[in-house]
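S.K.: Kindly generate the corresponding structure for this input.
(one chain, ligands or ions: 4)
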Amino acid sequence: MKSLTRLLYPALALVQGIMVAMPGTAAAAPTSAVANSTFHNPVLPGWHSDPSCIYVEGLFYCVTSTFISFPGLPVYASRDLINWRLASHAWNRESQLPGYSWATTEQQYGMFAATIRFREGVFYVICEYLGVEGKEAGVLFKTTDPFRDEAWSDPVFFHAPKIDPDLFWDDDGKAYVATQGIILQEMNLETGEMTPAVELWNGTGGVWPEGPHIYKRDGYYYLLIAEGGTAEDHAITIARARNITGPYEPYEGNPILTNRGTNEYFQTVGHGDLFQDAQGNWWGMCLATRSGPAYKSYPMGRETVLFPVTWREGEWPILEPVRGVMSGWPLPPRSRDVPGDGPFNEDPDAYDFTGGGAIPKNLVYWRVPRPGHIAAVRGKGLRVRLSRNDLEGAPGGSEPAARAISFIGRRQTHSVFRFEVDLSFSPRKNGEEAGIVAFLTQHANIHLGVVRLDGEPTLRFNASGVVTTRKIPKSWGRAETVRLEIAMEKPTEYILSASRAGNRASRIEVGRASAELLSGGTGSFVGTLLGVYATCNGAGSGLDCPKGTPDAYFTRWRYTGLGQYVSETEVVRAGKGIGK
Ligand SMILES: *[C@@H]1O[C@H](CO)[C@@H](O)[C@H](O)[C@H]1NC(C)=O
Ligand SMILES: *[C@@H]1O[C@H](CO)[C@@H](O)[C@H](O)[C@H]1NC(C)=O
Ligand SMILES: *[C@@H]1O[C@H](CO)[C@@H](O)[C@H](O)[C@H]1NC(C)=O
Ligand SMILES: *[C@@H]1O[C@H](CO)[C@@H](O)[C@H](O)[C@H]1NC(C)=O
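M.R.: Numbering: from 1, shown residues only. Ligands and ions are numbered 1, 2, ... in the order given. Okay, the predicted model is just below:
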């Protein structure tokens, strides 16, 4: 910890100018109340892909894509565009999509990019769920209270031929859904019935014209889309028409936003949405990847960034290029006065689980968990039942049989951080294992567990197949409670270590692994989760370990963000928000 703090300070010196604009510090308005603001990106760090955002009565709301993770489609709320609270998940219970999660094939199917909209007191989240044979993919969730999971409706199902549905109401009240392609259909929001598709625009020639959003302004329908694929060629382009069905005239200056072909630290800029604040100023949010042009190490995947937009009457909007340090319209005064009980995205976690109760809102599973397998137990901690399958899904075989893994985690939300948990576990049979993991997919993860090997509890580190074992030192006594830790001191390397709980001096580093293992590959749409797992490594039958297999208990779950890289060389220290 000490060495890490020292490591950060020289870098911090580079960004003295930025420090005034960090989240939670006074709004940067040195001369007058209307001076432009300075802020840093990403505003929703960690895996937050395909953002769609709105402004409603003093609060901004964004939804992001979640693929196979569950609960899915998180809705974040903010009063100042900087401090984002997790309000709810639109997809939060198995009964909303019965059987879908477990029938989902492959690691990156599930909930694709969503759109959030508000009309006449109702919030709508519209999305497509992919990877389930023979099921309707379109889902429309509604609520009047976006701060409670339970308030989100069961979905209205609809059949849309393509992904990334937008939702737009014309002045006559008709509701339209535009999807990848770009095609348009009118939709009945009660029944999900849709009219035949009309082709609107193919984009400017990039692959995958998708992520459409329609805005009506000054007598034009503006069609904002993503194209070029969600990697280095990603971009936002725009066209407009006098009629919703076209013809659409592309903007001469397309792409209207991209970091394609640049040396910027923020790459893959694209898939955005635009909205207006209370002052009438326009803003946009889109996704970006902190990889630099090398595009090799970016374990947090696609994150959400904010950019100011200047949109004069009758003219095309101007979107400010995405950088780590931004300036633009005055931001609303910094405030954490946001309803709900979810954590703010950049806050630390401090969960003991010994009081029982609900699982914290920001923790997610890989598919819907098996009932009762992961629960907070009063007096004992987070109980994780061992699954027969290991994290990879063996011996369950090919997906979706590999669905039953015992895993729970939170997003890695900082470039440098420390995550630690205490594990109480007494493996009785060889192969019984529980531990800590940096998880991108079932095929790309780095974990450190306590596993019984040759009759003895042993520390085993496994970075996508590179395995190191260490005997638990005799001096740790019976070692029934071990503290496991994953840390990053630089954004390119995970360090996994173990100690006797409560005795930091006993800490031993068991392994290091490159963050490139958790960048792209089988997880190019998702981002790293930090969490815990438990498995009996194939003993038992079906999905279950043998009867009598002990459970693993986790307590003292601590995640602490230490810094955000805003360029290859500049770090902004984390944890400065109001109220901390
Ligand atoms: C899009 O491209 C297809 C295939 O080239 C073409 O048939 C179609 O007319 C185009 N659509 C629009 C709206 O330009
Ligand atoms: C808009 O489209 C409708 C239906 O296709 C058509 O009747 C109308 O003439 C169009 N209006 C303009 C201004 O192109
Ligand atoms: C303030 O930011 C907006 C949005 O980027 C920009 O249009 C405007 O020119 C800026 N004003 C000043 C004085 O820099
Ligand atoms: C290590 O992890 C890989 C998957 O990444 C898995 O196939 C392998 O069985 C694991 N090895 C051990 C010894 O657990």
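
S.K.: Thr522 in helix, strand or coil?
M.R.: With DSSP: H, G, I helix; E, B strand; the rest coil as the basis, Thr522 sits in helix.

S.K.: Which residues are in contact with it?
M.R.: Thr522 makes contact with 107-108, 440-444, according to Cβ atoms under 8 Å, 6 or more residues apart in numbering. The C-beta positions use only the backbone N, C-alpha and C, and glycine is treated the same way.

S.K.: Name the nearest of the residues you listed relative to Asn263.
M.R.: When those are compared for distance to Asn263 (Cβ to Cβ), Leu440 comes out closest, at 25.6 Å.

S.K.: what's the neighbour count on the residue nearest to that closest one when sequence neighbours are not counted?
M.R.: Counting by Cβ to Cβ, 6 or more residues apart in numbering, the nearest residue to Leu440 once its immediate chain neighbours are dropped is Gly523, at 3.7 Å. Applying other Cβ atoms under 10 Å, we find 24 other residues in the vicinity of Gly523.

S.K.: my read: Gly523 touches Gln108, true?
M.R.: Yes: under the criterion of Cβ atoms under 8 Å, Gly523 makes contact with Gln108 at 7.1 Å.

S.K.: Need the overlap of contacts for these two.
M.R.: Joint contacts of Gly523 and Gln108 (Cβ under 8 Å, 6+ apart) are Thr441.

S.K.: tell me which parts of the stretch 351-500 of the chain are close to ligand 4?
M.R.: Residues of the stretch 351-500 of the chain found near ligand 4 (Cβ under 6 Å from any ligand atom) are 392, 462, 464-465, 467.

S.K.: so which of the residues you listed is the most crowded?
M.R.: The most crowded member of those, judged by other Cβ under 10 Å, is Asn462 (24 neighbours).

S.K.: Sticking with that residue, tell me its helix or strand.
M.R.: Assessed by DSSP states H and E, Asn462 sits inside strand 456-463.

S.K.: What's the separation between Ala239 and Leu200?
M.R.: Distance of Ala239 to Leu200, computed by Cβ to Cβ, to the nearest Å: 8 Å.

S.K.: So for the two, which residues contact both of them?
M.R.: Contacts common to Ala239 and Leu200, judged by Cβ under 8 Å, 6+ apart, are 223, 248.

S.K.: and Asn430, what is it in contact with?
M.R.: Counting by Cβ under 8 Å, 6+ apart, Asn430 touches 452-455.

S.K.: again, 10 Å this time
M.R.: 451-456, 458, 536-537, 539 (Cβ atoms under 10 Å, 6 or more residues apart in numbering).

S.K.: again with Val75
M.R.: Applying Cβ under 10 Å, 6+ apart to Val75 gives the contacts 61-64, 85-90, 114, 116, 123, 125, 141, 143, 146-147, 149, 152, 340, 342.

S.K.: Tell me if it really is in a strand.
M.R.: Yes: counting by three-state DSSP, Val75 is found in a strand.

S.K.: what's the single longest strand in the protein?
M.R.: strand 552-565 (DSSP state E).

S.K.: Within the helices and strands, which one has the closest residue to Val368 other than its chain neighbours?
M.R.: Counting by Cβ to Cβ, 6+ apart, Ser101 is the residue found nearest to Val368 once chain neighbours are left out, at 4.0 Å. Element membership for Ser101 (DSSP H and E) is helix 100-103.
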